[in-house]
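> Fold the stuff below for me.
(2 chains)
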Amino acid sequence: MTGFSKVAVYRQDMPPRGGYSPIPWARVPSRRIPLWPFVSLWFASNIFGYFYHMSEKREYWRNEMEMDESRSCIEPVLLAEQDRIVLRQYRANRDEETKLMKDVPDWEVGTWFGEKVFKSRTYFPDRPHVLDYYGLARPSTQRLDINASQWQI
Amino acid sequence: MSFTHDLKLPTYEELECPVVNVSSAALRAGSFHLAKYCDLQFKEFMLCRQEEQDPRKCLNESKDVTLCSIDFFRKVRDTCNDTFTTFWTCLDNAREGEMSFNYCKQEQRAFEQCAKDKMNLERPEAGYFSMVRMHDSKRPIPSDPFRIGSVDRHPPKLDIPNPPSLSQANEYPEAKLGMKFGQRKPWMFESKLWD
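Numbers count the residues shown, from 1 in each chain, chains lettered A, B, ... in the order given. Next up, the predicted model:
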C-alpha cells in the first residue's frame, strides 16, 4: 500500500505481566458474637430473680401488715376518747338549741316542729353524724370536715 | 341536733376523764406493747361497743381503756424512756412521712429489748393482732342492740305478688311458656315458635 512508510508508535493497555490476581468471589460470613452467654445470663437471672422477688414480696407484705396491726392496736384508745368528745358536743348542741329556739313557737328541741328524725323510741347513733356534730358551729369550723359526704356548704 | 330531751345524754361530770397526752408517733411506737399490756380493757371496750352499738352504755369501759393506756405510758416513761424517745422521734422523722417501721428497725429492736428486760413485756409475733381473738366477759349479753323488736313490728314490704302454681294454669294463660320449658330459659326462637 502506498503512504505507509512511517509507523505510529503507541502503547497498548495490556494486562500486567503474569496476569491479574484472582478475584475473591467466595462468600465471606460477617463477624458474629455468640448468643449462648446472653441467653444463659437471662435464664439464670430469671430463676434467681423469681425467688428473690418472692422473698421481697413476702417482706413487703409483712411490713404492711405490721403498719395495719399498729393502727388496729391503737383503735380502742382513740375510739374511747372520740366517744366522750362526741357525747360532750351532743350535750352542748342540745343546750345551745334550747337557748336559741326558746322563743320560736311550736318548736321542740331535736325535732322539726314536732316531727322527729328517728321514729323509733330508743335509737342512738353509734357513729357521729356530721350534722349532729357541726350543726350549730360557725362556717369555718364546719369546713373542717369538708370531705364528709352529707355536707352541703 | 336530732336529740330530743327524752333521750338520756350523759352529763359533763360523767364524761370527765384524763386524756392520753401522747403524740401520734409515740402512740404508733408503743402500739404493740400497749395492746399487750391493756389487752383485757381493750377487748372489753370493743366487745361492749360492738354489742351495744351505743357509746353511752360503754362509758366505764372507755374510762378503763384511757386510764390503762395512761398507766402504760407512765410506766414506759419511768423505765424505758430513752429507747422509746429515740424510737418515736425516728418514726416522726421517717423518710416517707408515713411513720413506717421500715426505716427504724434498729431503734425498734432496742426498745423491744428494753421492754422485755425491764418491763417484762414481750411483743407478740407478727400476725397476732390480725387474727380473730376470743373474749369472754362477765357483762350480760344485750337482748336487742339494734332495736329491731319482732318482725311483726316491721313487716317486710313486697310489691311483687307470689308466682302462680300449676293448679292455676287455666287462670294465667300468659304463664304457659314458663310451664312448658320448666326452669329452663327459652332459647332464641323457642318463644317465637310458641304462639
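> any chance you could map the helices in the chain?
Assuming you mean chain A. Under the criterion DSSP state H, chain A carries helices at the ranges A:36-100, A:130-134, A:139-142.
> Wait, chain B was what I had in mind.
Using DSSP H, helices in chain B cover B:24-29, B:31-37, B:39-52, B:59-79, B:81-92, B:105-114, B:176-181, B:190-193.
> Figure out which of those is closest to B:Glu14.
Nearest of those to B:Glu14, taken as C-beta to C-beta: helix B:59-79 at 6.4 Å. For every residue, glycine as well, the C-beta is placed using N, CA and C.
> check whether the closest one contacts chain A.
Yes - using C-beta under 8 Å from any C-beta of the partner chain, helix B:59-79 reaches chain A at B:59, B:61-63, B:65-66, B:69.
> Hey, what's the angle from that helix to helix B:81-92? Just curious.
Computed with axes from the mean of the first three to the mean of the last three C-alpha atoms, to 10 degrees, the direction of helix B:59-79 lies at 110 degrees from that of helix B:81-92.
> Which strands or helices does helix B:59-79 pack on?
In terms of contacts (3 or more C-beta pairs under 8 Å, 6 or more residues apart in numbering or on different chains; DSSP states H and E), helix B:59-79 is packed against helix A:36-100, helix B:31-37, helix B:39-52.
> What distance do you get for the residue nearest to B:Pro18 when sequence neighbours are not counted to A:Glu69?
With sequence-adjacent residues excluded and distances taken as C-beta to C-beta, 6 or more residues apart in numbering or on different chains, B:Pro18 is closest to B:Ile70, at 6.1 Å. Applying C-beta to C-beta, to the nearest Å, the value for B:Ile70 to A:Glu69 is 22 Å.
> In terms of packing, which of those two has more residues around it?
A:Glu69 (20 against 17; other C-beta atoms under 10 Å in any protein chain shown).
> any chance of the helices of chain B in CSV, with mean pLDDT and distance to A:Asn63 too?
Converted to CSV, the helices of chain B look like this (pLDDT from 0 to 100; distance: least, C-beta to C-beta, whole Å):
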stretch, mean pLDDT, distance to A:Asn63
helix B:24-29, 95, 13
helix B:31-37, 96, 14
helix B:39-52, 91, 24
helix B:59-79, 96, 24
helix B:81-92, 96, 13
helix B:105-114, 96, 10
helix B:176-181, 60, 57
helix B:190-193, 58, 59
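> from those, which stretch is densest packed?
Each of the helices of chain B was scored by mean neighbour count; the highest is helix B:31-37, a mean of 23, by mean count of other C-beta atoms under 10 Å in any protein chain shown.
> what's that helix in contact with?
A:69-71, A:73-74, A:77, B:27, B:42, B:68-69, B:72-73, B:75-76, B:115, B:119, B:121-124, B:129 (C-beta atoms under 8 Å, 6 or more residues apart in numbering or on different chains).
> ok, 10 Å please
Helix B:31-37 is contacted from outside by A:66-67, A:69-77, B:20, B:22, B:27, B:30, B:42-43, B:68-69, B:71-73, B:75-76, B:80, B:84, B:108, B:111-112, B:115-116, B:119, B:121-124, B:126, B:128-129, using C-beta atoms under 10 Å, 6 or more residues apart in numbering or on different chains.
> got the CA coordinates for it in PDB?
Taking Å, rounded to 0.1, in the frame of the first residue of the first chain, the C-alpha atoms of helix B:31-37 are listed here in PDB:
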ATOM      1  CA  SER B  31     -48.900   0.300 120.000                       C
ATOM      2  CA  PHE B  32     -48.000  -3.400 120.200                       C
ATOM      3  CA  HIS B  33     -46.800  -3.300 123.800                       C
ATOM      4  CA  LEU B  34     -49.800  -1.100 124.700                       C
ATOM      5  CA  ALA B  35     -52.200  -3.600 123.200                       C
ATOM      6  CA  LYS B  36     -50.500  -6.500 125.000                       C
ATOM      7  CA  TYR B  37     -50.500  -4.600 128.400                       C
END
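> How far does it sit from its chain's centre?
Distance, stretch centre to chain centre, for helix B:31-37: 17 Å (C-alpha atoms, centre = their mean, to the nearest Å).
> ok, now which ones touch A:Thr111?
So A:Thr111 contacts A:117-118, B:2-4 (C-beta under 10 Å, 6+ apart).
> tell me which of those is nearest to B:Trp88?
Using C-beta to C-beta, the contacts of A:Thr111 come closest to B:Trp88 at B:Phe3, 39.1 Å.
> for the residue nearest to that closest one when sequence neighbours are not counted, phi and psi?
Spatially, and ignoring its direct neighbours in sequence, B:Phe3 is nearest to A:Gly110 (4.8 Å; C-beta to C-beta, 6+ apart). With angles defined as degrees, to the nearest 10, A:Gly110 sits at phi 90, psi 0.
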